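**Q** After the sequence you'll find the predicted model.
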Amino acid sequence: MAEREDIVRGLEFVAAEARRVGSLFSDAHWARTASGGWTAKQVFAHLAATAELAPRFAAMLAQAPAGSNPRAGLDIDAINAQTVAAREGKTARELVDDVVNGYTSLAEFVRGAPQELLDARAQFGAEPTALSDIMATNVVLHALHHLYEAATAT
């Protein structure tokens, strides 16, 4: 099970790396396509949305009946498309700030979350696991993966 402080450090690292990586980009780089098909700017929009939605997803997962898979009923692609489109008018610099602020706030959410929430077993992938592991994998590693995609966009 992922430890609270490990998740917090991971989320804070995402915020720091978002600021660092975003500061490296020229204006042209923001329009380059990342390996996932989004532009670097759209990747940052997605990360901002992820940070914003994560506390609600955590509550949804923790409250789901045992044996259910809440992700099965979600159209993740549609949610991603909608949340990225909602940020289309933002500048790249605004999106960097949104990601930094979002992951910093998410770290504070995890820092203050009841231990019962972090320990709750939920399913957001193939197997049920502790919500803390879902946060560590599906939020922290997910964000770092996308930051790498944005940084290597061509």
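**A** Arrived safely, thanks for sending. Numbering: from 1, shown residues only.
**Q** Output the lowest mean pLDDT helix or strand found in this structure.
**A** strand 121-122 (a mean of 90; mean pLDDT, DSSP states H and E).
**Q** next structured bit after it?
**A** strand 129-130 (DSSP states H and E).
**Q** Need the contact partners of that next one.
**A** Applying CB atoms under 8 Å, 6 or more residues apart in numbering, the external contacts of strand 129-130 come out as M1, A2, L118, D119, A120, R121, A122, Q123. In short, each C-beta sits where N, CA and C put it, glycine included.
**Q** Mind listing what's buried along stretch 146-154?
**A** Burial within stretch 146-154, assessed by neighbour count using 16 or more other CB atoms under 10 Å, is assigned to H146, L147, E149, A150, A151, A153.
**Q** so the first one, which of the three states?
**A** H146 falls in the helix class when you classify it by DSSP: H, G, I helix; E, B strand; the rest coil.
**Q** quick one: contacts for the residue nearest to it when sequence neighbours are not counted?
**A** Sequence neighbours aside, V43 is the residue nearest to H146 in space, at 5.1 Å (criterion: CB to CB, 6 or more residues apart in numbering). Neighbour list for V43: A34, G36, H146, L147, E149, A150, A153 [criterion: CB under 8 Å, 6+ apart].
**Q** 7 Å - rerun?
**A** Taking CB atoms under 7 Å, 6 or more residues apart in numbering as the criterion, V43 is in contact with A34, H146, E149, A150.
**Q** neighbours around the first one, how many?
**A** Meaning A34. A34 has 21 neighbouring residues, counting by other CB atoms under 10 Å.
**Q** And G89, how far from D27?
**A** Computed as CB to CB, to the nearest Å, the G89 to D27 distance reads 16 Å.
**Q** I appreciate the help and will end here.
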